[in-house]
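Student: Got a predicted structure here, sequence first:
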Amino acid sequence: MQKRPRVVVNVEASADGKVALTRNALLMHRPSSELWASMTPQSPDSVAIDVMESVRQRYGCNAVLEGSGSLVSEDEIPARLPTYDGDPVGLYEHFLPVDVIEQRSPLHMWFTVVDSRGRVRWTERHENWDALVLVARSTPADYLGYLRRERICYLVVGEERVDLSRAVAAMGTELGVTCILSNAGGGLNGALLRADLIDELHLKLAPALVGGLGTPSVMDGSPLAVGEFPTRLQLLSAQSDAAGAVRLHYAVRRESGAERP
Ligand SMILES: NC(=O)c1ccc[n+]([C@@H]2O[C@H](COP(=O)([O-])OP(=O)(O)OC[C@H]3O[C@@H](n4cnc5c(N)ncnc54)[C@H](OP(=O)(O)O)[C@@H]3O)[C@@H](O)[C@H]2O)c1
C-alpha cells in the first residue's frame, strides 16, 4: 500500500495558544495583520526560519494546505455564482485536466484549500502556486461549474464534508504529493488532529496574550472523548529570542496502548 503524504503543521500563536485576534477578523486583513505582527517585536538574535523552505528541502514538500476559514470569514457572504445548467453528474468527479496539470508554475507547489461549502472565490493567481480545491459530494454544483470554467483543479473526497484522510491519500495517488504543509487555522488543524493525520508541528509563540473564549486556537475541532488519550509529542528543537518569541518543533508520537503511561 502506498504511504500517505507526510503532514506538517506550521502555526503562529499567542502565548495562550490563540491563532487569531477574534473569531471573524481574518489575519490577512488590516488592522488584524498589523496588530498580529506587533505581537512579535524584532530582535537582533531572532533566527529567521523559513519553515516552508525547510520542509521543501527535507521532504520534497509540494503542497500547502489552508482551510476556507483563512480566506473567508464565517460572517461573509461570498459573491453569487451563475447557476450551473449542465448535467451535474460529471461535475462530481475529480477535475484534473492534463493541460492544466502539465503547465505547472516554475516553483511548483499546490496551494490547496478545503472548501466543501464552495465559499472561496479565486480572484488572485500566484505565479509560483497551482490551485487545488478539496470538495465533497455536498459541494454546490454552481461552485464546481465555476471551478471548471476557471480551470481550477479539484478533488471530490467525501460526502457531507471533505474526508481529510481520503483527501490526503488522493493528493498522493492522483498528484504525486509526498508532503503537505498545513498553514491553516484551528478548525482545519483540529480536524487533521482528530483524523490522526499530523506528523509534525512547527509552533511559533509570540510573547503576547489574546484571550477570548471562541477565538480560534492552535487545535480546535471536536473535543476529546472522556478517557481518550491526548496526542503526545516529541520535542525536536526549541529556540527563543531576546524579544520573547519561542519556536518549537515537535514530532507526533504514535504509540501503542502498551507504551502509554
Ligand atoms: N496564526 C496562524 O498561524 C494562522 C494560520 C491560519 C489561519 N489563521 C487565522 O485563523 C482563523 C481561521 O481559523 P478557523 O479555525 O476559523 O478556520 P480553518 O482553520 O480554516 O477551519 C475551517 C476549515 O476547516 C474545514 N474543516 C473543519 N472541520 C472539518 C472536518 N471535521 N472535516 C473536514 N473539514 C473540516 C472547513 O471545511 P468546510 O468549510 O468544508 O466545512 C474549513 O475549510 C482566521 O482568523 C485566520 O486568519 C491563523
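Tutor: It's in.

Student: What average pLDDT does stretch 27-47 get?
Tutor: The average pLDDT within stretch 27-47 is 90.

Student: does the ligand sit close to it?
Tutor: Yes: part of stretch 27-47 sits near the ligand under the criterion C-beta under 6 Å from any ligand atom, namely residue 27. The C-beta positions use only the backbone N, C-alpha and C, and glycine is treated the same way.

Student: what's in contact with that stretch?
Tutor: 12, 14, 19-22, 25-26, 70-71, 204, 206-208, 239, 241-245, 247 (C-beta atoms under 8 Å, 6 or more residues apart in numbering).

Student: Counting only strands, which of these make the cut?
Tutor: 12, 14, 204, 206, 239, 247 (DSSP state E).

Student: for these, which one is nearest the ligand?
Tutor: Among those, residue 12 lies closest to the ligand (C-beta to the nearest ligand atom), at 4.0 Å.

Student: Okay, and the beta partners of the closest one?
Tutor: Under DSSP bridges, the beta-bridge partners of residue 12 are residue 204.

Student: And the strands in the stretch 101-250 of the chain?
Tutor: Per DSSP state E, counting those that start in this stretch, the stretch 101-250 of the chain carries strands over the ranges 110-114, 130-135, 153-156, 179-182, 200-206, 233-240, 246-252.

Student: element containing residue 84?
Tutor: Using DSSP states H and E, residue 84 sits within no helix or strand.

Student: Kindly provide the distance from the residue nearest to it when sequence neighbours are not counted to the ligand.
Tutor: Residue nearest to residue 84 in three dimensions, not counting chain neighbours: residue 145, with 3.4 Å by C-beta to C-beta, 6 or more residues apart in numbering. Distance of residue 145 to the ligand, given as C-beta to the nearest ligand atom, to the nearest Å: 18 Å.

Student: ok, residue 145 - contacts?
Tutor: Listed by C-beta under 8 Å, 6+ apart, the contact set of residue 145 reads 81-82, 84, 86, 91.

Student: Dump the strands of the stretch 101-250 of the chain into CSV; add distance to the ligand and mean neighbour count as well.
Tutor: Listed next are these as CSV, based on distance: least, C-beta to the nearest ligand atom, whole Å; neighbours: other C-beta atoms under 10 Å:
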stretch, distance to the ligand, mean neighbour count
strand 110-114, 4, 24
strand 130-135, 8, 24
strand 153-156, 12, 22
strand 179-182, 9, 24
strand 200-206, 8, 20
strand 233-240, 17, 12
strand 246-252, 13, 17
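
Student: Let me have the ones you listed in CSV, extended by mean pLDDT.
Tutor: Shown next, in CSV, are these (pLDDT from 0 to 100):
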stretch, mean pLDDT
strand 110-114, 97
strand 130-135, 97
strand 153-156, 98
strand 179-182, 98
strand 200-206, 98
strand 233-240, 96
strand 246-252, 97
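
Student: circling back to that earlier point, widest-spaced pair of the ones in strands among the contacts of stretch 27-47?
Tutor: 14 and 239 (17.8 Å; C-beta to C-beta).

Student: And the lowest-mean-pLDDT helix or strand in the chain, what's buried?
Tutor: Scoring the helices and strands of the chain by mean pLDDT, DSSP states H and E places helix 98-102 at the bottom, with a mean of 90. By 16 or more other C-beta atoms under 10 Å, helix 98-102 has no buried positions at all.

Student: mind checking how far residue 131 is from residue 200?
Tutor: With distances taken as C-beta to C-beta, to the nearest Å, residue 131 is found 25 Å from residue 200.

Student: Can you give me the distance of the nearest residue to residue 79 once chain neighbours are set aside to the ligand?
Tutor: Sequence neighbours aside, residue 121 is the residue nearest to residue 79 in space, at 5.6 Å (criterion: C-beta to C-beta, 6+ apart). Separation of residue 121 from the ligand (C-beta to the nearest ligand atom) stands at 14 Å.
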